[in-house]
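Asks: Mind folding the following:
(one chain, ligands or ions: 1)
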Amino acid sequence: MPDIVLSVRNLEVVYNDVALVLRGISLDVPSGAVVALLGANGAGKTTLLRAVTGLLPTHRGRITKGTVALDGQPITGLDAAAVVRRGMSQVMEGRRIFAELSVEDNLRAGAYTRRSRVEVAANHARVMDLFPVLAARRRSTAGYLSGGEQQMLAIGRALMASPKVLLLDEPSLGLAPKVVEQVRDILVTINAAGTSVLLVEQNAMMALSIATTGYVLETGKVVRDGPASELLADEDIREFYLGST
Ligand code: ATP
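Replies: Take a look at the predicted model:
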């Protein structure tokens, strides 16, 4: 059995103390894998990411049952900064870059949990290498970048924390097909360099084309999981998520 870098067991989440939104979810991200998390709007994908990265309290949400472990260590209920320090970073839906800050300052902000200057410099050099477009626009105001460039910046910023696991919430949302391909290629490169990836996507084709395994959520439960190739070949999934049979 491969090492599991992120392990979620029987997770239950409520919002506002009443709305049960995750109903006992279990999911594994094996070390070095890309795992796709699929599901219709409102299935609970974003909530799962919030739950594992310590962001639920900002949304009046709470874990009521279950556990989350990173590299075998329990992290259930840790706050967001502590989760980043332990090695898990998130690229949130809608990119959420600091629009008034420069590209450079956005990247520096991503390194806030890192104390070692040598490590920050190394991460910075790596991000510049990965994203020549960011290197070329280091001093530009981030809000003036194109949607695709802003997505690259959001990914670059998350990488500044040297994560073992990178979580992404719909990175292809609103991007032109050519730019979606660039995002896809970047994720493949990041993964090949050793970072495990949990990828939430509406674009099931894109996600399953690079994933090792996938999970399908429906109203807060896992209803399917398996090798990405099996999910891609499944008639129901093709019809629902890929729009073809
Ligand atoms: P989407 O693709 O639309 O983001 P999703 O699968 O990520 O969908 P979530 O955003 O996790 O789904 O939402 C799951 C359910 O939780 C939905 O019914 C949603 O209305 C509800 N929900 C999300 N955030 C909150 C909140 N802060 N308070 C109350 N309910 C919430």
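Asks: In the helix of greatest length in the chain, which residues are buried?
Replies: Criterion DSSP state H: the longest helix present in the chain is helix 177-192. Neighbour-count burial for helix 177-192, counted by 16 or more other CB atoms under 10 Å, picks out 179-180, 182-184, 186-187, 190-191. All C-beta atoms are positioned from the backbone trio N, CA, C, and that covers glycine.
Asks: Kindly reformat the residues you listed as CSV containing distance to Thr46 and pLDDT.
Replies: Rendered in CSV, the data for these read as follows (distance: CB to CB, whole Å; pLDDT from 0 to 100):
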residue, distance to Thr46, pLDDT
Val179, 22, 93
Val180, 19, 94
Gln182, 23, 93
Val183, 18, 94
Arg184, 20, 96
Ile186, 21, 95
Leu187, 18, 97
Ile190, 21, 96
Asn191, 22, 97
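Asks: ok, and of those residues, which contact the ligand?
Replies: When CB under 6 Å from any ligand atom is applied, no member of those is adjacent to the ligand.
Asks: follow-up on the earlier one: and the contacts of the longest helix of the chain?
Replies: With CB atoms under 8 Å, 6 or more residues apart in numbering as the test, helix 177-192 has contacts from 32, 34, 130-131, 147-148, 151-152, 155, 159, 166, 168, 171-172, 175, 197, 199, 203, 206, 209-210.
Asks: Can you list which of the residues you listed are found in strands?
Replies: If you go by DSSP state E, those have 34, 166, 168, 197, 199 in strands.
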